[in-house]
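**Q** dropping the sequence and predicted coords here.
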Amino acid sequence: MARQRRPVLGIGIMLLAHKLYSIGMNTIPPVTLLAVIGQTLLYMGIINPPWDRYDMCLSGEAILRDKDYRRLFLSAVEHADDIHLYYNMASLILKGRSLERRYGSLKFLILLVVFTAATSLTYVGLVWGATEAFHTYSYMKQCAIGFSGVLFALKALTTHYEGSGFHYVHGIMVPSKYAVWAELFVIHILVPRSSFIGHLAGILVGSAYILGPLKLLVNSVHSIISGLNAFNEPAYTRSTAGPRPHQRPSPEYSRQQYGWNFDYGSQYQGEQYSQMNEPYEADGDGASNPLPSEEELRQRRLWRFQY
């Protein structure tokens, strides 16, 4: 049975709160902010799930032998201590502000979900490969926890978009395209307990997105969800707010009348206006005809637009 979590308020939580206050929560895009707050509340015990955080760490043994597939996702949102949480969430804020604005909130949310699953699966594949290559089962028993692998995948994207510039990695200036690899080794040296394989899995996932395979998956899911949202929207909007029959519509108003969301009343009134400026219509023989009736205008409108 899982132990109930006691509310925790450590130095890492206070540092994170100060960072959110100094940056301004209103400057952080919604999906990034929700991810930060959700993981913080989970660590603090305010969100109290029926499992212990260390029971959700990711290992090859837990996935391949025990079939505990929950860990593919839950291991990423749990953290070992408050300082671990602070550094990961501070990094997520920095990367999320850049990437969520680039991709949009929906696509960034899909990106986080796909990266989380892909990084965990890649981690399991790497430890299995290491076990087979070096003939030692110790790799299968290594257990990783935290959002770091996903952050390395996001780091690969941000440095990719920086192009041929330079990037500082713990005070060392390196070319942007090598920054994520430099950080992999620097962190492994400075923080011996860090998961080298977990971080490497994140870099490989980010590279797979940049090179195409994962990008195709993310774009496909995004297109499906966006298509469903568009399908559920009404085909047109009825509104009584339009130009009066004897008032010329403004250019800005006229530009809004396009596609499926044209305004029934305004379109009809606009046709009335155009006909009022031309009291007679010339037919093919050059004869003049009187102004069409309202019913004739309605039939013309229905013929021109299909919905």
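**A** Structure's in. What do you need?
**Q** stretch 168-187: how far from the chain's middle?
**A** The chain centroid and the centroid of stretch 168-187 are separated by 25 Å, computed with CA atoms, centre = their mean, to the nearest Å.
**Q** distance of F147 from T27?
**A** 21 Å (CB to CB, to the nearest Å). (Glycine included, C-beta is placed from N, CA and C.)
**Q** for I189, same thing?
**A** 33 Å.
**Q** same question, F152
**A** F152 is 24 Å from T27, by CB to CB.
**Q** neighbour count winner among those two?
**A** F152 (26 against 10; other CB atoms under 10 Å).
**Q** how much space between that one and Y87?
**A** Taken as CB to CB, the span from F152 to Y87 is 13 Å.
**Q** K215 against Y209, yeah?
**A** Yes. Contact criterion CB atoms under 8 Å: K215 and Y209 qualify, at 5.2 Å.
**Q** could you find the closest non-adjacent residue to the residue nearest the centre of the chain?
**A** The structure's the chain has its C-alpha centroid closest to F108; by CA atoms, centre = their mean the separation is 1.2 Å. Once flanking residues are discounted, F108 sits nearest to E100: 4.1 Å by CB to CB, 6 or more residues apart in numbering.
**Q** so which elements touch the helix or strand where that neighbour lies?
**A** Following DSSP states H and E, one finds E100 within helix 82-103. Here helix 82-103 touches helix 11-23, helix 30-44, helix 105-134, helix 148-161, going by 3 or more CB pairs under 8 Å, 6 or more residues apart in numbering; DSSP states H and E.
**Q** in the longest one, what's buried?
**A** By 16 or more other CB atoms under 10 Å, the buried positions in helix 105-134 come out as 107-112, 114-120, 122-128, 130-131.
**Q** now that helix, how far from the centre of its chain.
**A** 17 Å.
**Q** on contacts alone, who are the packing partners of it?
**A** Going by 3+ CB pairs under 8 Å, 6+ apart, helix 105-134 lies up against helix 30-44, helix 60, helix 71-77, helix 82-103, helix 138-141, helix 148-161, helix 196-211, helix 213-232.
**Q** surely the residue nearest to F108 and P29 touch.
**A** Yes. The pair E100 and P29 passes the contact test of CB under 8 Å, sitting 3.9 Å apart.
**Q** which of the two has more neighbours?
**A** More crowded of E100 and P29, by other CB under 10 Å: E100, with 23 against 18.
**Q** just the pLDDT for G212.
**A** pLDDT recorded at G212 is 85.
**Q** please apply the same query to R193.
**A** Reading off the model, R193 has pLDDT 86.
**Q** give the contact list for F166.
**A** 173-176 (CB atoms under 8 Å, 6 or more residues apart in numbering).
**Q** with I110 instead?
**A** Neighbours of I110 in contact, by CB under 8 Å, 6+ apart: 218, 221-222, 225.
**Q** overlap of the contact sets of E100 and P29?
**A** With CB under 8 Å, 6+ apart, E100 and P29 have common neighbours F108.
**Q** name the element the closest residue to F196 other than its chain neighbours belongs to?
**A** Spatial nearest neighbour of F196, excluding adjacent residues (CB to CB, 6+ apart): H188 at 4.9 Å. Under the criterion of DSSP H and E, H188 resides in helix 176-190.
**Q** what secondary structure does V174 sit in?
**A** strand (DSSP: H, G, I helix; E, B strand; the rest coil).
**Q** show me what it is bridged to.
**A** Under DSSP bridges, the beta-bridge partners of V174 are H167.
**Q** quick check, it in contact with A182.
**A** Yes. Under the contact definition of CB under 8 Å, V174 touches A182, with a separation of 4.8 Å.
**Q** quick one, what contacts the residue nearest to the centre of the chain?
**A** Counting by CB under 8 Å, 6+ apart, F108 has contacts 29, 31-32, 96, 99-100.
**Q** would you convert those into a markdown table that also reports distance to A62 and pLDDT?
**A** Below are the contacts of F108 laid out as a markdown table (distance: CB to CB, whole Å; pLDDT from 0 to 100):
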| residue | distance to A62 | pLDDT |
| --- | --- | --- |
| P29 | 33 | 97 |
| V31 | 28 | 98 |
| T32 | 29 | 98 |
| G96 | 29 | 96 |
| L99 | 30 | 97 |
| E100 | 31 | 97 |
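**Q** where does this protein dip in pLDDT?
**A** 1-8, 230-307 (pLDDT under 70).
**Q** break it down into its domains, please.
**A** Following automatic domain parsing, the chain resolves into domains at 11-232, 251-304.
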